[in-house]
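Visitor: Provided below for reference: sequence and predicted model.
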Amino acid sequence: MKRTVFIILLTMVSVAAWGTKRLPSWMNELPQAGNSTILYVREVGEGNSMTEALNQAMMRVMQSTADRIGRPFDIQAIDEALAGGSDYQTLSRQYSIPINKVDQYERKLRDGTYRVWVLCQVAASGNVQPQWEELKGTGDDRPGIALVKSMFVPGLGQIGKGHVAEGTITMVGDVALIGGAVGCYYMAKDKLNVMRDPQVTYDDFTAAQKSYNTLRTTSYILWGAAAGVYVFNLVRAVTAKPRRTDMLTVAPSVMPTEDGYTPSLSLTLNF
């Protein structure tokens, strides 16, 4: 029984580590445009702050787009404008470089600097008005998928929807309640063996019986609480509204860089 419980807990942790990894799919493969007026591009920037890294990435998007559609601009002027707090959308309109930022993914590096990847829709050509489209969300945003996740690992559906703190507390809480219930069960079993011992004294029998009743009641309460948390977890997996988050990343991944792709191991928890 103990081995079975250990295997179940180990499986839950392993599945959680796999399921909480939320690397945007566009990091490895760009989406296909739904019409011929736009293209999807991905660029990366680095800087001492998140804003600086984002500005560098957006400047590269603007530069590559301007070069492709034949609308050159002053790179230094754009860089200074972004550093001064100007919005890239305003600058793109000013220089007639159609850009629509769809998403971004950021990481804080070990040296304290930041790296930001951006996914943008850009004009396919300079003489056609782009028709922006809404990028469809990931499967984690769908209640059915979140429900299935939470059925196997409590809290995993909430984490997938962006509610990292709630999902983590639910997961840890349910595991703790189940562990406590199982522990009380085995301690009660030991007390029952004492009571069944033909050589036990009256005082030892009375003490063992009292402990047995307490442990058994506690075990029932913990099992009931665990069941309540599990049901709450299923309800929240369906009803919780998706929200954007960097999520909990505890799994190996392949990160795109300027020189290609580099294997890495991310461990980030943002509540």
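Guide: Structure received.
Visitor: is R42 located within a strand, as I assumed?
Guide: Yes: according to DSSP: H, G, I helix; E, B strand; the rest coil, R42 belongs to a strand.
Visitor: tally of neighbours for it?
Guide: 22 (other CB atoms under 10 Å). The way it works is simple: take the backbone N, C-alpha and C, and place the C-beta from them, glycine included.
Visitor: leaving out chain neighbours, which residue sits closest to it?
Guide: Once flanking residues are discounted, R42 sits nearest to L119: 5.5 Å by CB to CB, 6 or more residues apart in numbering.
Visitor: could I get the helix or strand containing that neighbour in PDB with only the CA atoms?
Guide: Using DSSP states H and E, L119 sits within strand 114-123. Provided in PDB are the C-alpha atoms of strand 114-123 (Å, rounded to 0.1, in the frame of the first residue of the first chain):
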ATOM      1  CA  TYR A 114      16.500  40.000 -19.800                       C
ATOM      2  CA  ARG A 115      15.700  38.400 -23.100                       C
ATOM      3  CA  VAL A 116      12.300  38.900 -24.800                       C
ATOM      4  CA  TRP A 117      10.900  37.200 -27.900                       C
ATOM      5  CA  VAL A 118       8.000  38.900 -29.700                       C
ATOM      6  CA  LEU A 119       5.600  37.500 -32.200                       C
ATOM      7  CA  CYS A 120       4.300  40.100 -34.700                       C
ATOM      8  CA  GLN A 121       2.000  40.300 -37.700                       C
ATOM      9  CA  VAL A 122       3.600  42.500 -40.400                       C
ATOM     10  CA  ALA A 123       2.600  43.700 -43.800                       C
END
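Visitor: now that strand, how far from the centre of its chain.
Guide: Put simply, strand 114-123 sits 19 Å off its chain's centre (CA atoms, centre = their mean, to the nearest Å).
Visitor: rewinding a little: give me the beta-bridge partners of the residue nearest to R42?
Guide: When assigned by DSSP bridges, L119 has beta-bridge partners R42, D103.
Visitor: hang on, the earlier thing: and the strand holding L119, what does it pack onto?
Guide: Here strand 114-123 touches strand 38-47, helix 50-69, strand 99-108, going by 3 or more CB pairs under 8 Å, 6 or more residues apart in numbering; DSSP states H and E.
Visitor: nearest to L91, of those?
Guide: Nearest to L91, of all the helices and strands packed on strand 114-123, is helix 50-69, at 7.2 Å by CB to CB.
Visitor: and the helix or strand just after that closest one with strand 38-47, angle?
Guide: Sequence order places helix 75-83 as the next helix or strand after helix 50-69, per DSSP H and E. Here the directions of helix 75-83 and strand 38-47 differ by 70 degrees (axes from the mean of the first three to the mean of the last three CA atoms, to 10 degrees).
Visitor: what lies in contact with helix 75-83?
Guide: The contact list for helix 75-83 (CB atoms under 8 Å, 6 or more residues apart in numbering) reads E52, N55, M58, M59, M62, Q63, Y88, L91, Y95.
Visitor: restrict whatever helix or strand comes next after it to CA atoms and write it as CSV.
Guide: Per DSSP H and E, the first helix or strand lying C-terminal to helix 75-83 is helix 88-94. As requested, the backbone C-alpha atoms of helix 88-94 are provided in CSV (Å, rounded to 0.1, in the frame of the first residue of the first chain):
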residue,chain,number,x,y,z
TYR,A,88,6.2,51.3,-31.3
GLN,A,89,2.8,51.4,-32.8
THR,A,90,2.9,55.2,-33.0
LEU,A,91,6.3,55.0,-34.6
SER,A,92,5.3,52.3,-37.1
ARG,A,93,2.4,54.5,-38.2
GLN,A,94,4.7,57.5,-38.4
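Visitor: give me the helices and strands touching helix 88-94, please.
Guide: helix 50-69, helix 75-83, strand 99-108.
Visitor: centre of the chain to the helix ranked longest in the chain, how far?
Guide: If you go by DSSP state H, the chain has its longest helix at helix 202-239. A distance of 32 Å separates the centroid of the chain from that of helix 202-239, by CA atoms, centre = their mean.
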